[in-house]
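Participant: Output the structure for:
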Amino acid sequence: MDPGQLLNWLGRRGTLLFSAVWFTAGYLFIIFGPTTILLFVGRFLTGVGMGMVALAVPVFISEICPANVRGLLNTGGNMVLTVGILITFVLGKWLDYKWLAICSLAPSIVMAATLPWSKESPRWLLQKGRRKAATEALQFYLGTGIEKELETLEASISNNVEAFSLRDLTLPHVYKPFLCTLLPMFMQQFSAVCIILFFANDIFAAAGTSISPEDCTIIIGAIQVAVLFVATLLTDRLGRKVLLLFSSAVASMSLTLLGLCFHFKKVQGDSFLESYGWLPLAALSVYFVGYSSGLGPLPWVLLGEMLPLRVKGFATGICTAFCFGCGFLVVKEYHDMQQLMGTDGTYWMFAVVVAACFFVVLFFVPETKGRSLEDIERIFGNTTSTVSSEDTDRRNGVAMDLLRA
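Facilitator: Have a look, this model is predicted:
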């Protein structure tokens with residue numbers, strides 16, 4: 001099953017509803033599974049559900065939102081995810097895994113109960129020839145006076161009526177945004193975020209922090225929520241590229257500092273812990289300030305914005321699989337890298353990778369702030385896009401009127 005193709009078959013909202021089935025089944029296996037194998041089955045099922053949500057949410061938000069609030073709402077979606085992580089950290093301090101799974105089941109039930117009250121993506125409905133439903137969806141999301149918007153979407157979709165083929169990936173206006181989306185995904189995972197989140201308690205214990213590892217993870221989770229809240233407000237003000245560059249620079253410096261913590265602990269032993277036991281928490285706190293301001297939310301924002309409509313289903317599936325595959329590779333090889341390079345060298349390696357990616361983003365990734373999805377396609381050379389800057393300004397005005405209402 002290709003989750004990317006589910007976006008085309010079931011729609012954006014339909015994929016999210018389908019993910020609730022996987023989440024529910026997975027958590028029920030974890031809650032009632034009497035064996036370790038069934039626990040792994042449950043974890044696998046929830047992972048499949050997470051993959052569906054990860055690719056469907058940014059596409060759904062990008063297709064139903066005007067350009068000037070698209071970054072705000074997409075980054076806000078990541079903030080909600082981070083709030084969930086923080087709640088899990090807090091509950092995990094006192095609850096066992098079964099009660100934690102019961103608590104985690106609640107959001108999927110709420111999603112399944114509330115999503116049917118929303119509308120499907122108007123773009124997807126028009127792709128399927130359902131013009132009346134698309135009109136109703138546009139009115140639901142943008143209010144009245146959507147005739148010009150409907151005409152613009154129809155003109156855009158009429159230029160993408162041909163079926164997707166792998167040869168489309170050789171077109172510059174397809175492979176360029178595809179690569180520009182894969183790069184932030186690669187940066188996100190090779191910033192060592194999965195290692196830090198999965199092994200947070202072990203990292204704090206090994207680094208010799210003077211605060212209990214459980215409390216450190218809660219502090220880190222709170223920092224993520226606070227910084228992502230600020231990033232949500234700044235994404236449409238400062239732009240994606242500025243925040244991504246700032247984020248990667250801060251993350252690289254913080255990983256360098258974390259590597260120094262492990263290095264000096266190895267060299268100086270207890271004397272380092274007595275004088276600088278606070279430094280590992282400080283390094284990771286600064287790391288998550290950087291990560292949460294860009295590397296965390298923005299790859300998913302760009303996933304929904306940059307990929308052309310014609311290849312969106314296929315390409316979002318590939319990008320999501322690539323992102324999670326990189327995360328799996330990093331976590332799987334972490335202990336081997338520790339043996340090969342030492343813990344300090346491992347974090348220095350990740351710092352160098354993120355620093356190198358900083359310059360690639362600087363020179364090759366364009367800014368998408370305030371641009372319609374059709375405008376973004378034109379940046380990469382798609383000359384069939386028909387939207388004008390006046391259309392973009394009009395959409396933004398509609399959005400602001402709705403927000404003020």
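
Participant: Might you report the residue contacts of the residue nearest the centre of the chain?
Facilitator: By C-alpha atoms, centre = their mean, the mean C-alpha position of the chain lies nearest to residue 300, the distance being 3.7 Å. Residues in contact with residue 300 (C-beta atoms under 8 Å, 6 or more residues apart in numbering) are 54, 57-58, 74, 77-78. Where you see a C-beta, it was placed from the backbone N, CA and C, and this is true even at glycine.

Participant: for the host helix or strand of residue 257, what is the average pLDDT?
Facilitator: Take DSSP states H and E as the rule and residue 257 turns out to sit in helix 240-268. Mean per-residue pLDDT for helix 240-268: 89.

Participant: buried sites along that helix?
Facilitator: 240-241, 243-248, 250-265 (16 or more other C-beta atoms under 10 Å).

Participant: what's the domain layout of this structure?
Facilitator: Structurally, the chain divides into domains by the TED database as follows: 1-118, 173-383.

Participant: any idea which of these is most buried?
Facilitator: Of all the domains of the chain, domain 173-383 has the most neighbours on average by mean count of other C-beta atoms under 10 Å, namely a mean of 20.

Participant: where's it relative to the chain centroid, distance-wise?
Facilitator: 11 Å (C-alpha atoms, centre = their mean, to the nearest Å).

Participant: Grab the nearest non-local neighbour of residue 65.
Facilitator: residue 73 (5.4 Å; C-beta to C-beta, 6 or more residues apart in numbering).

Participant: Quick check, pLDDT for that neighbour.
Facilitator: The model's pLDDT for residue 73 equals 80.

Participant: by how many degrees do the helix or strand harbouring it and helix 240-268 diverge?
Facilitator: Residue 73 is part of helix 67-92, with elements assigned from DSSP H and E. Here helix 67-92 runs at an angle of 30 degrees relative to helix 240-268 (axes from the mean of the first three to the mean of the last three C-alpha atoms, to 10 degrees).

Participant: The following helix or strand past helix 67-92 packs against which elements?
Facilitator: Next helix or strand after helix 67-92 toward the C-terminus (DSSP H and E): helix 97-114. The contact analysis (3 or more C-beta pairs under 8 Å, 6 or more residues apart in numbering; DSSP states H and E) places helix 97-114 against helix 12-32, helix 36-64, helix 67-92.

Participant: what is the mean pLDDT for the shortest one?
Facilitator: Computed over helix 12-32, the mean pLDDT rounds to 92.

Participant: tell me the angle the lengthiest helix in the chain makes with helix 12-32.
Facilitator: Secondary structure of the chain per DSSP state H: the longest helix is helix 312-364. Relative orientation of helix 312-364 versus helix 12-32 (the same axes, to 10 degrees): 100 degrees.

Participant: which two in the contacts of residue 300 are spaced the farthest apart?
Facilitator: Greatest spacing in those, by C-beta to C-beta: 54 and 74 (12.2 Å).

Participant: returning to what we had before: can you list the helices and strands that the helix holding residue 73 packs against?
Facilitator: Counting by 3+ C-beta pairs under 8 Å, 6+ apart, helix 67-92 packs on helix 36-64, helix 97-114, helix 213-238, helix 298-306, helix 389-404.

Participant: I'd like to know which of the ones you listed is closest to residue 178.
Facilitator: Closest to residue 178 of those is helix 298-306 (C-beta to C-beta; 8.0 Å).
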